[in-house]
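Enquirer: Got a sequence here, can you model it:
(3 chains)
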Amino acid sequence: MTESHDFFQRVYDVVRRIPMGRVTTYGHIAAYLGARSSARMVGFAMNAVTHDARASDVPAHRVVNRFGALTGRMHFATPFLMRERLEAEGVTFVDEHVDLQRHLWEPAD
DNA sequence: TGTATGACCAGTC
DNA sequence: CGACTGGCCATAC
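Expert: Below is the predicted model of the structure:
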């Protein structure tokens, strides 16, 4: 249990709080954790979710980039799984990105 | 052990 | 305006 794992855990905690049918961005999570420019690590943490059974309850599909693009879709079992999950929750799309106007959720508790 | 890289973002040239 | 760079920091090789 290194302290570095703690950073990932914090990311997981925030992502787990995202309500059904809502999404948030890497930047918002990073900013909420006090490290605006660590958005990359947030994405990396999401990648880790795929390989970490303990984080299997983290809805990684609800995290998109600031434009609403599904940049992480290639990391799922199939490239279209991420979008399928979101649509199943009622998230709407505009072309290839999420309608953030409607679904953006900010980790402001 | 050191270097390269990434599911990003904002500022600068 | 578009293109480029820096920053962040854990992981992979």
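Enquirer: CA atoms for contacts and neighbours, from now on please.
Expert: OK.
Enquirer: Was I right to think A:M46 contacts A:A60?
Expert: Yes: when contacts are counted by CA atoms under 8 Å, A:M46 is listed as touching A:A60 (6.0 Å).
Enquirer: And the helices in chain A, which stretches?
Expert: Remark: helices assigned in chain A by DSSP state H are A:3-17, A:26-32, A:39-51, A:81-88, A:100-103.
Enquirer: I'd like these written out as a markdown table, with mean neighbour count added.
Expert: Listed next are the helices of chain A as a markdown table, based on neighbours: other CA atoms under 10 Å:
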| stretch | mean neighbour count |
| --- | --- |
| helix A:3-17 | 15 |
| helix A:26-32 | 21 |
| helix A:39-51 | 18 |
| helix A:81-88 | 16 |
| helix A:100-103 | 16 |
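Enquirer: could I get these as CSV with distance to A:M74?
Expert: Shown next, in CSV, are the helices of chain A (distance: least, CA to CA, whole Å):
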stretch, distance to A:M74
helix A:3-17, 19
helix A:26-32, 16
helix A:39-51, 10
helix A:81-88, 9
helix A:100-103, 20
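Enquirer: Please identify which of those helices is closest to A:N65.
Expert: helix A:26-32 (5.8 Å; CA to CA).
Enquirer: ok, back up a step: can you lay out the helices of chain A as CSV showing mean pLDDT and distance to DNA strand C?
Expert: CSV is the format used below for the helices of chain A (pLDDT from 0 to 100; distance: least, CA to the nearest atom of the strand, whole Å):
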stretch, mean pLDDT, distance to DNA strand C
helix A:3-17, 82, 5
helix A:26-32, 93, 9
helix A:39-51, 91, 6
helix A:81-88, 96, 22
helix A:100-103, 94, 21
